[in-house]
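Asker: sequence and predicted structure, then a few things I'm wondering about:
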Number of protein chains: 2
Amino acid sequence: MRIGELAARAGTTTRTLRYYESRGLLSARRTGNGYRTYDEDDLKLLRQIRTLQDFGFDLEETRPFVECLRAGHPEGDACPASLVVYRSKLAELDALIEELTSVRAQVGAQLARAEAAVPGGPEPKCELGGHA
Amino acid sequence: MRIGELAARAGTTTRTLRYYESRGLLSARRTGNGYRTYDEDDLKLLRQIRTLQDFGFDLEETRPFVECLRAGHPEGDACPASLVVYRSKLAELDALIEELTSVRAQVGAQLARAEAAVPGGPEPKCELGGHA
DNA sequence: TCTTGCCTTGACGTCCGCGTCAAGGCTTAC
DNA sequence: GTAAGCCTTGACGCGGACGTCAAGGCAAGA
């Protein structure tokens, strides 16, 4: 298949595929007129990349998975290097979630404090709120 | 005080302060030779911005807080517009944390599956795990 | 034949919060 | 006088993953 069809089947764009190729993640054969052609294996590889991207993996982090598939493994994560990436991503996610949770608590506390101070101000003057 | 001192006292750089000024978040008087000068109120305002930035707020999201302080309020979050930002940020954080938690679970599951398949191949050959 | 719709490469634009460099002016210390 | 250390504006760079436009080639249908 050509680049347009591959992009459509993977739910992405031709620009993205050319970008992946420029990064060395996706390769393509060429027809006589210079058009790129791909097969089902390329689609599988591309879907692996997209799945990881959706998980928030950097493009570089998908490389071990790509190389694993290229090496003939049926799954991109059937290689140690891929597992290493999984683990570091898990650690990264844990750290991020923890930090965001902390921030959430702090912002929540600020909101509570501010809300308690606002309604009518320090010295309630009644007639607060809208016309209701 | 001049820009260098303000930056130092706020733990940031002069470049950052000029950037904030270009965004209309920080204003400065000028001395005869064109140097920017700031007072303690500017420091307070700057610290408000920095705190929110550390929480992950976009610069634009700090604007209501800045305007609130400029309006004479003792706290940047003493105005309704600031509370709106707090609330939307909380919602944003909740959504993000939820998504990341979901991703974490999926990646964790993938890792577990891949790990189960790797050590010795699909057919367990014992002697798995470390030397312990 | 001509239009339509694929495809090609190349290159600049986007977003955001600055970093960094350039070229120069002012002030103070020595 | 001059070097150091502050300040000024202007402008390009960065990272990441592409979007978008330009200018053109190729193939197929009416």
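Answerer: It's in. Residues are numbered from 1 along each chain as shown, chains lettered A, B, ... in the order given.
Asker: near the residue of chain A found nearest DNA strand C, how many other residues are there?
Answerer: Across chain A, the shortest distance to DNA strand C (CB to the nearest atom of the strand) belongs to A:Gly4, at 2.5 Å. Heads up, the C-betas are built off the backbone N, CA and C, glycines and all. The tally of other residues near A:Gly4 (other CB atoms under 10 Å in any protein chain shown) stands at 13.
Asker: shouldn't A:Tyr86 be in contact with B:Arg104?
Answerer: No - assessed by CB atoms under 8 Å, A:Tyr86 is found out of contact with B:Arg104, at 11.0 Å.
Asker: neighbour count: the two, which is higher?
Answerer: Under the criterion of other CB under 10 Å, the comparison of A:Tyr86 against B:Arg104 puts A:Tyr86 first, with 24 against 19.
Asker: ok so, going back, mind checking which helix or strand the residue of chain A closest to DNA strand C is in?
Answerer: Secondary structure from DSSP states H and E places A:Gly4 in helix A:3-10.
Asker: check which helices and strands the next helix or strand after that helix sits against.
Answerer: For helix A:3-10, the succeeding helix or strand toward the C-terminus, using DSSP H and E, is helix A:14-22. In this structure, helix A:14-22 makes packing contacts with helix A:3-10, helix A:40-54, judged by 3 or more CB pairs under 8 Å, 6 or more residues apart in numbering or on different chains; DSSP states H and E.
Asker: nearest to DNA strand D, of the ones you listed?
Answerer: Proximity to DNA strand D, assessed across those by CB to the nearest atom of the strand, is greatest for helix A:40-54 (5.3 Å).
Asker: next, the angle helix A:3-10 makes with the closest one.
Answerer: Interaxial angle of helix A:40-54 relative to helix A:3-10 (axes from the mean of the first three to the mean of the last three CA atoms, to 10 degrees): 50 degrees.
Asker: okay, buried residues for helix A:40-54 please.
Answerer: Within helix A:40-54, the residues that qualify as buried are A:42, A:45-46, A:48-50, A:52-53, counting by 16 or more other CB atoms under 10 Å in any protein chain shown.
Asker: wait, which of these is closest to chain B?
Answerer: Nearest to chain B, judged by CB to the nearest CB, of these is A:Leu52 at 9.1 Å.
Asker: wait, that closest one touches A:Phe65, no?
Answerer: Yes - the pair A:Leu52 and A:Phe65 passes the contact test of CB under 8 Å, sitting 6.4 Å apart.
Asker: quick check: phi and psi on A:Tyr38?
Answerer: The phi and psi values for A:Tyr38, taken as degrees, to the nearest 10, are phi -130, psi 160.
Asker: tally of neighbours for it?
Answerer: Neighbours of A:Tyr38 using other CB under 10 Å come to 22.
Asker: measure stretch A:71-79 end to end?
Answerer: Taking CA to CA, to the nearest Å, stretch A:71-79 runs 10 Å from one end to the other.
Asker: indicate whether the helix holding A:Gly4 makes contact with DNA strand D.
Answerer: No - if you take CB under 7 Å from any atom of the strand as the test, helix A:3-10 misses DNA strand D, and the best it gets is 9.0 Å.
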